[in-house]
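>>> 3D, please:
(one chain, ligands or ions: 1)
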Amino acid sequence: MKKVAQAALALLFLALMIIALWRWPINGWGSVAWMASMFAINIIRAPFAKANKDNVITEKTQATKEAVLLGLVSLGGYLPLIHLATGWFSFANYTVPFWVPVIGALTLIPTLYLFWRSHVDLGSNWSVTTELREEHTLVTRGVYNRVRHPMYTAIWLLFLMQPLLVHNWIAGFSAPIAFGIMYVIRVPYEEAMMRQKFGSAYDEYCERSGRLVPKLF
Ligand code: SAH
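Modelled structure (predicted):
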């Protein structure tokens, strides 16, 4: 049943993408860059999701909260796609100077690299929800060396570019607002889980690293 629902959602996602792509002259080319980034994050994630699907999970934190928050972020991601495909929220459109989507699109390139790199560095320890696997290790190298949440840095940047690319007060801001809520609620219990598991090693790591950007001093 879960597989059928997932396949139906994937098909809906693709259908909306195709219609939205076809409507690019109405939505502006920034919308194409935004769709390309949504497509890219799914492509980047797919091999890691496949590689980690048989991980033995020893601890799951805040399962109900996680389901609600992930649902909220998915909604934030789907809303622009629905708007771009249907024009339902056109009453809330705004216009921007030509260089605004240029900045948005250029920012996506290093951001997608960081998103991919954080998956590579976390390797088998990566999961969509907040959980620990059997033989979980604390990663403090690569992009995790000076930053504790580089994947969230990438997601923040990706979603903050959304209003620069999708020029609509509802569809442009849905994902950054949804992710902002998730970030504020999730990070404290994710860090508490890591601290409980890795103790002083995690405390030392926190001391020398920043949450989203490297600590300067
Ligand atoms: N918050 C991190 C990782 C997001 S993926 C980031 O933004 O980069 C979420 C999972 O990653 C969590 O369930 C946790 O088990 C794992 N995780 C987070 N930080 C980790 C680290 N430094 N080492 C190993 N696993 C980590």
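>>> Can you pull the residues of the protein lying near the ligand?
118, 122, 125-127, 130-132, 138-139, 144, 149-152, 190, 194 (CB under 6 Å from any ligand atom). The C-beta positions use only the backbone N, C-alpha and C, and glycine is treated the same way.
>>> Need the mean per-residue confidence for the helix ranked longest in the chain.
The residue-count maximum for a helix in the chain (DSSP state H) belongs to helix 174-208. Here helix 174-208 scores 97 as its mean pLDDT.
>>> got it, and stretch 50-63?
On average, stretch 50-63 scores 93.
>>> and the longest helix of the chain, which residues are buried?
174-176, 178-180, 182-183, 185-187, 190-191, 193-194, 198, 202, 205 (16 or more other CB atoms under 10 Å).
>>> what do you get for stretch 83-91?
Buried residues in stretch 83-91, counted by 16+ other CB under 10 Å: 83-85, 89.
>>> immediately after the least confident helix or strand in the chain by mean pLDDT, which helix or strand?
Ranking every helix and strand in the chain by mean pLDDT, DSSP states H and E puts helix 2-22 at the bottom, with a mean of 90. For helix 2-22, the succeeding helix or strand toward the C-terminus, using DSSP states H and E, is helix 24-27.
>>> how far off helix 2-22 does the following helix or strand past that following helix point, in degrees?
Going down the chain from helix 24-27, the next helix or strand is helix 29-51, by DSSP H and E. Here helix 29-51 runs at an angle of 160 degrees relative to helix 2-22 (axes from the mean of the first three to the mean of the last three CA atoms, to 10 degrees).
>>> Now do the same contact list for the spatially most central residue of the chain.
Per CA atoms, centre = their mean, the C-alpha nearest to the average position across the chain is that of Ile155, at 4.0 Å. Applying CB atoms under 8 Å, 6 or more residues apart in numbering to Ile155 gives the contacts 115, 179.
>>> okay, the helix or strand containing it in PDB with CA atoms only?
Per DSSP H and E, Ile155 falls inside helix 150-160. Provided in PDB are the C-alpha atoms of helix 150-160 (Å, rounded to 0.1, in the frame of the first residue of the first chain):
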ATOM      1  CA  PRO A 150      25.500  21.400   6.600                       C
ATOM      2  CA  MET A 151      22.500  19.600   5.000                       C
ATOM      3  CA  TYR A 152      20.100  22.000   6.700                       C
ATOM      4  CA  THR A 153      22.400  24.900   5.600                       C
ATOM      5  CA  ALA A 154      21.900  23.600   2.000                       C
ATOM      6  CA  ILE A 155      18.100  23.200   2.500                       C
ATOM      7  CA  TRP A 156      17.800  26.700   4.000                       C
ATOM      8  CA  LEU A 157      19.700  28.200   1.000                       C
ATOM      9  CA  LEU A 158      17.700  26.200  -1.500                       C
ATOM     10  CA  PHE A 159      14.300  27.300   0.100                       C
ATOM     11  CA  LEU A 160      15.400  30.900   0.600                       C
END
